[in-house]
Each structure stands twice: as C-alpha cells, then as structure tokens.
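Undergrad: this one's sequence-less:
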C-alpha cells in the first residue's frame, strides 16, 4: 500500500470494487457517529481532575477502552472507579454528537442479522450515544465491558463475528482508528477504514481505505451483503488472504 501522500491529496484508484460478505462489524465512534468533540472534552476534563495532561489523555484514549487508558495514565488509581467516572462524564456530554454521512442509508438497507456494533465504549455509553444520535440500536452489541482485552486485540471482533453467526473471514470490519484496524485484521476479518479521525498512513492495517461511508453502497442479498465502493487505497490482493 502506497501511503506516501497526505489525506487531502489521496489519488483515486478509479476502480469500483464489489465484495460479498456474510456480515458487517461497525465500530461506533468515528464510523457511525461523530462524537470526537465529546470524547476530547470528556478526557480533558478527566485529565484536569486527575493531574494528567489533556493532550496526552485525548491521544491515549482514541480507539481504546477507557479502562485501559486509565491504567496507562494513572495506574495508581482504582481503574473501575475511574472508568465509572469517565463514563458518566462522557454520557453527560452530548454536544456535537451526530450521525455521520452515509450511515442512515446504509443501516436502513441492512437487515439486523447482517450487522452489529463492536465498540471500545462501555455498553451504557454506547447505547446512550447511539440513542442520542437517533440510530437504530441492535439488540446485541459488543462493548468494552464484554471483553477481557480491547482493541487492538482481536477479541472484540472475534466476538462480533460469533454474534452474527459468521466466520471472521466472512465479515467486514469498518473502522476509523489504528487500534481498530489492527484488531480487525488480527481477527481475520476484511477491514475497510474511513478517514474520519486518522491519517491514511496510520491505517495501513486496513485492506481498503475510503474517505467516508458516504462513498459506500450496500445491498442485502439472501446469503449476505454486497458492498460497493471505490477505494482510495487497497492492499495487494486483499481478498486472497
């Protein structure tokens, strides 16, 4: 994958791709909803309360479970108590949370059996954020409190595939963060990354990169989902691995 150029000058491959998968595993923040402002304000607030540099707290938190961020930044504190604190701070901050482009169209075209959410947020936070954005919430999702190891470990996406009754290699992971693309690839899934929050260079674990889900079309079939998009970048022969 040639990632030499910056995001604003990414060259189009001019090749429309169609792939068939058994299910789609969506990350939440940065893929389904925009919550970047809420996340950054919340971690900056927690940092101020716990004598942690705001920029460091924000950088560490992106794409990872909150409990792991706490353990890295303040290992001397009670991680469960701090998790509860940051969860409440994030749930209370609903400003700027909105559905990202392309998402309503895509989800309306997908029967529930073909997709779920796999997020580093806790279940309480994930459901609150999705509900506030006005999105249809699956009955069962995979959240931070349902796994022993979070992204970039493959466990979340392995559990997501199992939830859909699919093999990991038959699932497509859609992510926007390096930790998530690494987790999806380690699980054996195909990985499509969007450029919402990170550079293309940092998303090199993905099989394909698109600007946003506004550039993706889906069609539900009897035996899976047909996905159509024109990648900005792709790995060599990603469908063969």
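TA: In hand now; what should we look at? Model, not experiment: these values are computed from the prediction.
Undergrad: what about stretch 112-120, distance to the chain center?
TA: Chain-centre distance of stretch 112-120: 10 Å, with C-alpha atoms, centre = their mean, to the nearest Å.
Undergrad: What mean pLDDT does it get?
TA: For stretch 112-120, mean pLDDT rounds to 96.
Undergrad: So which residues make contact with it?
TA: Stretch 112-120 has contacts (C-beta atoms under 8 Å, 6 or more residues apart in numbering) with 22-29, 32, 63-66, 107, 126, 130, 137-144, 150-151, 156-157, 159-160, 163-164, 173, 179-180, 220, 224-225. Every residue, glycine included, has its C-beta placed from N, CA and C.
Undergrad: Excluding chain neighbours, what is closest to residue 109?
TA: Sequence neighbours aside, residue 218 is the residue nearest to residue 109 in space, at 5.2 Å (criterion: C-beta to C-beta, 6 or more residues apart in numbering).
Undergrad: Give me the distance between the one you found and residue 54.
TA: 38 Å (C-beta to C-beta, to the nearest Å).
Undergrad: Settle it for me: which of those two has more neighbours?
TA: The neighbour count for residue 218 versus residue 54, taken as other C-beta atoms under 10 Å, is higher for residue 218 (22 against 15).
Undergrad: on that earlier part again, and whatever helix or strand the residue nearest to residue 109 lives in, how far out from the chain's middle?
TA: Under the criterion of DSSP states H and E, residue 218 resides in strand 216-221. Centroid separation between strand 216-221 and its chain, computed with C-alpha atoms, centre = their mean, is 19 Å.
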